[in-house]
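J.: Kindly generate the corresponding structure for this input.
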Amino acid sequence: MRNFRLSLSWCLFTTILFSCRTVYQPVSAQYKDYKIANKQTVDNELTALIKPYADNVNRQMSDVVAIAGMDLEKKQPEGTLNNVLADAMLAGAIKKFETTVDAAFLNYGGIRLQAIPKGNVTRGKIFELSPFDNLVVLLKVDSVTLQQFLDIIAKRGGWPCAGIQFQIKKSRAVNVLINGKPFASNTPYTIATIDYVANGGDDCDMFKVIPQQNKNYLFRDAVIEYFSEIQQLGKTISSSIQKRVSNAE
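T.: Here you go, the predicted structure:
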């Protein structure tokens, strides 16, 4: 509910801002004369009008959600920031959809910061990290489709993932393990990803024909919840390289 109020305040803030900008009104099209309003008065009125919403947004963006115990970095084929975000998606998907989820994937370009430095992690920082309203969705895929997807990830150099481990060899995903078990043919798997990917983004056209389970659950909210739960346990956010995605030698 708090995130909903924040989003509503932001929407009102931006709606008012952009709907009230025009202060020049044409009087005669023939001679291109213009009646110029008192811009200073308009600006002052606008500032007073949006101030409560701006203050609310700024206050909530400054909330400390968690503390990073180390620098978290976005890298390929694998990074510490990659892993903690994929873990957040997997944990959030299992909790929100109340079902078994075999693996979670986030496209590399979906992470909009190169790193989160050690120290306080604010709500605003997570909005910078994930500024788009991407939704977490579930897809039930067969082994052929999943292999196609993994090969796309391999060609792109590696994406954040959780629940799965594989190597990249000649732009293909090989030696795949799901939950520590060898990738099985003729076996359906339930994966979590964002709706952008599920709708065919980043060349993932194979997903377009697959029905999505969608509960309007923002990926950003999954991260905030995951980080907040760690904070409530009195722990800091940490991560490590686990060879979830690695280059075959």
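J.: which stretches of this structure form helices?
T.: In the chain, the helices defined using DSSP state H lie at 2-19, 39-61, 80-97, 123-129, 143-155, 195-198, 219-232.
J.: Lowest mean pLDDT across those, which one is that?
T.: Note on those: helix 2-19 shows the lowest mean pLDDT, a mean of 47.
J.: tell me the domain boundaries of this protein?
T.: Annotated domains of the chain cover 2-61, 69-247 [automatic domain parsing].
J.: Single out the most deeply packed of the ones you listed.
T.: Comparing those by mean neighbour count (mean count of other C-beta atoms under 10 Å), domain 69-247 comes out on top with a mean of 18. (Glycine included, C-beta is placed from N, CA and C.)
J.: okay, how far is it across that one, tip to tip?
T.: 28 Å (C-alpha to C-alpha, to the nearest Å).
J.: and if you look at stretch 118-138?
T.: OK, stretch 118-138 end separation, C-alpha to C-alpha: 32 Å.
J.: Just give me how far that stretch sits from the chain centre.
T.: 6 Å (C-alpha atoms, centre = their mean, to the nearest Å).
J.: Now do the contacts for Cys105.
T.: That one is not Cys; residue 105 is Phe. Taking C-beta atoms under 8 Å, 6 or more residues apart in numbering as the contact definition, Phe105 lies against 86, 89, 149, 153, 159-161, 191-193, 197.
J.: again, 10 Å this time
T.: Applying C-beta atoms under 10 Å, 6 or more residues apart in numbering to Phe105 gives the contacts 86, 89-90, 139, 149-150, 153, 159-164, 191-194, 197-198, 204.
J.: That one bridge partners, please.
T.: Bridge pairing for Phe105 (DSSP bridges) gives the partners Cys161.
J.: Equivalent analysis for Asn247, please.
T.: Beta-bridge partners of Asn247, as defined by DSSP bridges: Ile168.
J.: surely it meets Ala173?
T.: No - at 11.4 Å, Asn247 does not count as touching Ala173 under the criterion of C-beta atoms under 10 Å.
J.: Pull up the overlap in contacts between the two.
T.: With C-beta under 10 Å, 6+ apart, Asn247 and Ala173 have common neighbours 154, 158, 167.
J.: Need those residues in JSON lines (columns: distance to Phe105).
T.: Shown next, in JSON lines, are these (distance: C-beta to C-beta, whole Å):
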{"residue": "Ala154", "distance to Phe105": "12"}
{"residue": "Gly158", "distance to Phe105": "11"}
{"residue": "Gln167", "distance to Phe105": "16"}
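J.: Looking at these, which is nearest Ser130?
T.: Gly158 (18.9 Å; C-beta to C-beta).
J.: Over to Asp102: give its phi and psi.
T.: phi -80, psi -40 (degrees, to the nearest 10).
J.: Give me the nearest residue to it, chain neighbours excluded.
T.: Tyr189 (4.5 Å; C-beta to C-beta, 6 or more residues apart in numbering).
J.: Who does that neighbour form a beta bridge with?
T.: Val141.
J.: from what I can see it touches Val144, true?
T.: No - judged on C-beta under 10 Å, Tyr189 makes no contact with Val144 at a distance of 11.1 Å.
J.: still on that earlier bit, any idea how far Glu78 is from the residue nearest to Asp102?
T.: Distance, Tyr189 to Glu78, using C-beta to C-beta, to the nearest Å: 21 Å.
J.: now Leu150
T.: 14 Å.
J.: With Glu249 instead?
T.: In terms of C-beta to C-beta, Glu249 sits 15 Å off from Glu78.
J.: Can you give me the end-to-end span of stretch 71-78?
T.: Start-to-end, stretch 71-78 (C-alpha to C-alpha) is 14 Å.
J.: Same check on stretch 175-188?
T.: First-to-last residue span, stretch 175-188, C-alpha to C-alpha: 18 Å.
J.: got the contact list for the most centrally placed residue in the chain?
T.: Centroid-nearest residue in the chain: Ser130, 4.2 Å away (criterion: C-alpha atoms, centre = their mean). For Ser130, the contact set (C-beta under 10 Å, 6+ apart) comprises 85, 106, 110-113, 194, 218-224.
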